[in-house]
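# sequence first, then the predicted structure, then my questions.
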Amino acid sequence: MLQSRFLNRAGLRLAAATALGLAGVAAAAAETKWDMPTPYGDSNFHTQNIAAFAKDVTDKTDGSLTIQIHSAGSLFKHPEIKNAVRKGLAPIGEVLVSRLSNEDAVFGVDSVPFLAPSYDKSWKLYQASKPALEEKLAAQGLQLLYTVPWPPQGVYAKKEVTQGSDLKGLKFRAYNAATERLAQLAGAVPTQVEVPDIPTAFSTGRVEAMITSPSTGANSKAWDFLTHYHDTQAWLPKNMVIVNKGAFDSLSEAEQAAVLESAEIAEKRGWEASKVETTTKTKMLVDNGITVVQPSKQLIEDLAVIGETMSAEWQEQAGETGAAVLEAYKN
């Protein structure tokens, strides 16, 4: 009788231990870790926003989903990130939207000069173009989570530019097809120069003017080789965080909801962080002797003409989808 009771108790303890062990295995199996490649370093405001997004996801899922950030191109270089996510080599990643414009012109809408020259207009353009962006991404097995803009682009020069004709003949830094076309329409001479080469290019006379953000100007120490920054807010290129649709669909409903909620928060926080970045880096330009100029009415009008030309060219490339985006934006 005693032996039978002992065996029963031992059996119950063994069963309980087995159940706890299986529960632990199940819990471990339920935990998901996503590796996330990003193009920029940890001090960049985009990366800092992503770090906050990853923490929100962990908190909202009680740790069942964690995101490991691989910043500064340490896992995949910027040109490789989108395809890595599409192929499932990384479930989630960050890319500059306009980097994909060679695939489809729709991805370049936020980089059409002077189409949406302010944060408010850029947000409206984003809302108008978002359905088209989501459709293009979905066709490749990708899902858009959120976007965050860079600071607006302004004109840097060694003198004050009061009208479009002041740019004629200047050697103008270009870094993609859009900036090259902009220089051509302004009568300037486009010259390909990447960000790390900006100081040398100006110091040696390879270029005399450029259009870029306060961030790039401050990081390049533009005050060493330029005197004026014109706050044209020509366009606000955006970064986007995308996820592999298969990876997203494999999450539980609660985890999916947590990711989407965290993404919505990150988008709002990121847009505000971009505004702070603009203010901070513009002040840095001023503090180091750059004259920050509010563009003249004539300059704005002259640049708007260039913008209209480039918008029409973009619409032609983007076809019916592009026409629908512009119609939605204007209305």
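On my side now, so go ahead.
# what's the strand or helix carrying Arg269 packed up against?
Assigned by DSSP states H and E, Arg269 belongs to helix 253-287. If contacts are counted by 3 or more Cβ pairs under 8 Å, 6 or more residues apart in numbering; DSSP states H and E, helix 253-287 sits against helix 45-60, strand 65-70, helix 119-138, strand 142-149, helix 214-219, strand 238-244, helix 245-249, strand 291-293. Glycine gets a C-beta too; all of them are placed from N, C-alpha and C.
# Phe172 is nearest to which of the ones you listed?
helix 214-219 (14.9 Å; Cβ to Cβ).
# which parts of that closest one are buried?
For helix 214-219, a neighbour-count test (16 or more other Cβ atoms under 10 Å) marks Pro214, Ser215, Thr216, Gly217, Ala218 as buried.
# contacts only, for the first one.
Contacts of Pro214 were listed using Cβ atoms under 8 Å, 6 or more residues apart in numbering, and they are Pro151, Gly154, Tyr229, Glu277, Thr278, Lys281, Thr282, Met284, Leu285.
# sec struct for the third one, please.
So the one you mean is Tyr229. Per DSSP: H, G, I helix; E, B strand; the rest coil, the local secondary structure of Tyr229 is strand.
# bridged to it, which residues?
Tyr156, Val292 (DSSP bridges).
# that one contacts Pro152, doesn't it?
No. Using Cβ atoms under 8 Å, Tyr229 is not in contact with Pro152, being 11.5 Å away.
# I'd say Val243 and Val259 touch.
Yes. Using Cβ under 8 Å, Val243 makes contact with Val259 at a distance of 7.5 Å.
# name the residues contacting each of Tyr229 and Pro152.
Counting by Cβ under 8 Å, 6+ apart, nothing touches both Tyr229 and Pro152.
# overlap in contacts of Val243 and Val259?
Taking Cβ under 8 Å, 6+ apart as the criterion, Val243 and Val259 both touch Leu145.
# nearest residue to the middle of the protein?
With distances taken as Cα atoms, centre = their mean, Asn239 lies nearest the centre of the chain, 1.0 Å away.
# relative to Val95, how far out is that residue?
Relative to Val95, Asn239 is positioned 7 Å away (Cβ to Cβ, to the nearest Å).
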